[in-house]
Structure formats: structure tokens, C-alpha cells
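> Curious how this folds, go ahead:
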Amino acid sequence: MRLTRFTDVALRVLMRLAVVENEDPPTTREVAATMQVPYTHTAKVVAKLQHLGLIEARRGRGGGLSLTGAGRAASIGGLVRELEGPGDVVECEGATPCPLRSACRLRGALRKAEDAFYASLDPITVTELVTSPTGPLLIGISSGRPAAD
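Residues are numbered from 1 along each chain as shown. You can find the predicted model right below:
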């Protein structure tokens, strides 16, 4: 299974915000630069994450992005399901339906693999993703300084 770029960016934005503690909240533009993602794409991701209640975005002086409690505790499996949306790993019923669809065992095997993929991500939270060594690396990247060992 391959995640969309949108989901990848969303997870990286959440991870970046999870390490913000004793600094001013970063702006969408700053997060985009840190994650090396186009600003417009990051802005769309931020809007979705805000709609889901995972981040807060404040405008103006003292504004910026911050992770909510729900964002910190969010299950990675649940987030990926939400961001990727429903759908099969392979398309059996599309514009040109697969001639094997009535007796194919591949679709069931892939569904089982997808379920296992999500089950392995379900117990992992955003906070857990930024434990060492990832958190210090994110802090170093965002500050422009090398991470402390």
C-alpha cells in the first residue's frame, strides 16, 4: 500500500507540531519550509487537520499552529484511514472491471494485508512518533541547528 502525498505531509506536519514546546508556534509557511513541501499543499493539509480538531491555527501577532490534545493522542492508523478515505488496494470494479472479480482470491488477500497494515498503526500515537531519535532531529531541522546527541 502506498500513502498519498497528502497523508504523508499531514503526518509530517503533526510530527513537527508535536515537538513545539518552548518556542513560538510556527506558521504554516515555516512548517512548509521545514518539511520542504510547497506552501499551498501544506495550507490544504493544515485546513484538513484543523477541521479534524487535531491542530489549532491562530492568525496575527502571536499566532501560529499548535497541536491539540486530540492531535497528540491521535492514532496513526485512524489518521491514515481518515486521510486516505475508503477504497480497495486494487480496483476490481472500475471503468474496465477485472474479468477475475467473481472468483478472485487476490482481492481478499489484499484486504487482509490492508487490515494488518492499519492494525499495526492503530496503537501508535503522534506523540510516540516523535520520541528519540525523531523528536530531537525535528527540533534541529526546524531551528536550523544540528540535533543534540
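
> Let me know the average pLDDT across whatever helix or strand Ala47 lives in.
Using DSSP states H and E, Ala47 falls within helix 39-51. Confidence for helix 39-51, expressed as mean pLDDT, is 96.

> Please apply the same query to stretch 99-109.
Per-residue pLDDT over stretch 99-109 has a mean of 83.

> can you list contacts of it?
When contacts are taken as CB atoms under 8 Å, 6 or more residues apart in numbering, the neighbours of stretch 99-109 outside the stretch itself are 88, 90, 92-93, 98. All C-beta spots, glycine's among them, are computed from the backbone N, C-alpha and C.

> circling back: counting by contacts, list what the helix holding Ala47 packs against.
For helix 39-51, the elements it packs on are helix 5-18, helix 28-35, strand 55-58, judged by 3 or more CB pairs under 8 Å, 6 or more residues apart in numbering; DSSP states H and E.

> Compute the inter-axis angle for the first one and helix 39-51.
Using axes from the mean of the first three to the mean of the last three CA atoms, to 10 degrees, the direction of helix 5-18 lies 70 degrees away from that of helix 39-51.

> name the helices or strands packed onto helix 5-18?
Under the contact criterion of 3+ CB pairs under 8 Å, 6+ apart, the helices and strands touching helix 5-18 comprise helix 28-35, helix 39-51, strand 55-58, strand 64-67, helix 69-73, helix 76-84, helix 126-129, helix 134-143.

> by how many degrees do the least confident helix or strand in the chain by mean pLDDT and helix 28-35 diverge?
Evaluated with mean pLDDT, DSSP states H and E, the helix-and-strand set of the chain has its lowest mean pLDDT in helix 134-143, which scores a mean of 70. Relative orientation of helix 134-143 versus helix 28-35 (the same axes, to 10 degrees): 120 degrees.

> Can you give me the buried ones in helix 134-143?
Counting neighbours by 16 or more other CB atoms under 10 Å, one finds that the buried residues in helix 134-143 are 135-136, 138-139, 141-142.

> do the same with stretch 33-42
The neighbour-count criterion (16+ other CB under 10 Å) identifies 34-35, 37, 42 as the buried residues of stretch 33-42.

> Give me the contact list for the helix holding Ala47.
Contact with helix 39-51 is made by 5-6, 9-10, 13-14, 28-29, 31-32, 35, 55-57, 65, 71, 83, as judged by CB under 8 Å, 6+ apart.

> how about 6 Å then?
Contacts to helix 39-51, defined as CB atoms under 6 Å, 6 or more residues apart in numbering, come from residues 9-10, 13, 28-29, 32, 55, 57.
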